[in-house]
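In: The sequence and its predicted three-dimensional model are supplied below.
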Amino acid sequence: MGHIFYKKILSFFLVIMVVVTAFSLNVSVYGAVNYLDEDVVEVSDTNHVLTRGNYLNFGSVTLSKVSSTRVLMTGITACHRVCDRVGVALYLEQSTDGIHYATHRYWKFAGENESSHAETLEVIVQPGYWYRLRGGHVAIMGNDGESVVTTTDGIYVG
């Protein structure tokens, strides 16, 4: 019985990974260059579930420039109630032009029997690039689950 449960959990996470990967595809945004500001030191995104979910309340990510070689990343997944498993995946994306991003590094975290899960990481990065943070947020209760994706704007680290 437990083996079937873990198969369902793994397949659910696989679906989440596919969704996050699909959202990670490079998309050209024309005219966005006018909005790039190299002086921005912190960006964030919060995504509330549009219809009140049974489990997931919201996901949030924040990316802050600490120095010319370090960024601080925070990801939060919040639920309406205690869930069997609550997770947050952080995808640090890098760009040379501030428009076309590719995944640079990623981390996945989860907790059990929680109503929220938060992670904060300080990471050394290469100067001279734009960085943004994408978050994948998931709440699982039994064989059911909900997820949401968040993405910050980019910040220049140089």
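Out: Yep, it's here. Note that the structure is predicted; figures quoted are calculated from it, not measured.
In: From now on I want contacts and neighbour counts done on CA atoms only, so please keep to that.
Out: Noted.
In: Work out for me the element the nearest residue to D39 once chain neighbours are set aside sits within.
Out: Leaving aside its sequence neighbours, D39 sits nearest to Y156 (CA to CA, 6 or more residues apart in numbering; 7.5 Å). Using DSSP states H and E, Y156 falls within strand 155-157.
In: what's the answer for N54, then?
Out: Applying DSSP H and E, one finds N54 in no helix or strand.
In: so how far is S116 from it?
Out: In this view, N54 and S116 are 14 Å apart by CA to CA, to the nearest Å.
In: So for these two, which sits in the more crowded spot?
Out: Each of N54 and S116 has its neighbours counted (other CA atoms under 10 Å); S116 has more, 25 against 15.
In: so the more buried one bridges to which residues?
Out: Judged by DSSP bridges, the bridge partners of S116 are A78.
In: Does it touch D84 like I think?
Out: No - applying CA atoms under 8 Å as the test, S116 and D84 come out as separate, 10.9 Å apart.
In: Give the burial count for C79, as a bare number.
Out: If you count neighbours by other CA under 10 Å, C79 ends up with 22.
In: so what's the most centrally placed residue in the chain up against?
Out: Taking CA atoms, centre = their mean, the centroid of the chain lies closest to G135, which sits 0.7 Å from it. Going by CA atoms under 8 Å, 6 or more residues apart in numbering, G135 touches G59, S60, V61, G75, V88, A89, L90, Y91, V149, T150, T151.
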